[in-house]
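Participant: give the three-dimensional model of this entry:
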Amino acid sequence: MKKILLASKLILGAGLIIIFLQSCKNEAKQEDPKEVAEDTNEAKFDSIEDTKNDSEFLVDIAEVNLAEIEIGKLAQIKSTNSEVKKFGKMLVDEHTKAATEVSALADAKNITLPVAITEDGKEEYNQLNEKSGTDFDKKFADMMIDGHQKAIDKLRKASEDATDQDVKLWASNSIAGMTAHLEHAKMLKQNLDKK
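Facilitator: Down below sits the predicted model:
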């Protein structure tokens, strides 16, 4: 009886969340895409802690991909440095590929991901967009080093701790590519610091 009552509460709670999210669409300020994804996943996986952790990882990685794609586009437009522009294009290409893989994995696991750049991603984008010239290039390189190091840490943790074997394998296979991005960003920073 308790299980039936708990299940009905979860279904009612999820229904209320959906109604609330629908009503929020008409408001001027939209909810952060990452929060929407996390709330949806929490409603789905609240009683399954292992799945909840895997879903949080995929949401985080999707957030990284969305931000890197937009920042990569900005670097191609705003930088006057050919190496920064090349790095920006590489980010767009490789993070778009990673985003497609994460999306397919999430769909297979019934996990909801953010569909647009998040509030944190917009904030980073705007901070970078305020810069110009060499200041832009150096800020871009610093952001790429910091962002890729954090992403690698998340990938390593998931490659060891993820419950779902597909999530664990994807995380493990992605470490090398993300590490290559980090090393590229470090070399870019060294070259920019010489100027």
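
Participant: which strands or helices does the helix or strand hosting Lys139 pack on?
Facilitator: Here Lys139, judged by DSSP states H and E, is contained in helix 133-161. Judged by 3 or more CB pairs under 8 Å, 6 or more residues apart in numbering; DSSP states H and E, helix 133-161 is in contact with helix 49-78, helix 82-108, helix 119-129, helix 165-193. (Glycine included, C-beta is placed from N, CA and C.)

Participant: contacts only, for the residue nearest to the spatial centre of the chain.
Facilitator: The centroid of the chain falls nearest to Glu63 when counting by CA atoms, centre = their mean (1.7 Å). Glu63 sits next to 34, 114, 118, 120-121 when contact means CB atoms under 8 Å, 6 or more residues apart in numbering.

Participant: mind picking the two most distant members of the residues you listed?
Facilitator: Pro114 and Asp120 (10.6 Å; CB to CB).

Participant: compare those two (neighbour count), which wins?
Facilitator: Shown here are Pro114 and Asp120; by other CB atoms under 10 Å, Pro114 has more neighbours (20 against 12).

Participant: quick one: residues contacting the nearest residue to that one once chain neighbours are set aside.
Facilitator: In space, and not counting its chain neighbours, Pro114 is closest to Pro33: 3.6 Å by CB to CB, 6 or more residues apart in numbering. Pro33 sits next to 66, 114-118 when contact means CB under 8 Å, 6+ apart.

Participant: try 7 Å this time
Facilitator: 114-116, 118 (CB atoms under 7 Å, 6 or more residues apart in numbering).

Participant: now for those: which two are most distant?
Facilitator: Counting by CB to CB, the most remote pair of the contacts of Pro33 is Val115 and Thr118, 10.2 Å apart.

Participant: more neighbours: those two, which one.
Facilitator: Thr118 (21 against 11).

Participant: that one is in contact with Glu35, isn't it?
Facilitator: No. Using CB atoms under 7 Å, Thr118 makes no contact with Glu35, being 8.1 Å away.

Participant: ok, Met187 to Gly177 distance?
Facilitator: Met187 sits 16 Å away from Gly177, taking CB to CB, to the nearest Å as the criterion.

Participant: circling back: please identify the most buried of the helices and strands packed on helix 133-161.
Facilitator: Of all the helices and strands packed on helix 133-161, helix 49-78 carries the top mean neighbour count, a mean of 21, counting by mean count of other CB atoms under 10 Å.

Participant: average pLDDT for that one?
Facilitator: For helix 49-78, mean pLDDT rounds to 90.

Participant: swap in stretch 88-106?
Facilitator: On average, stretch 88-106 scores 95.
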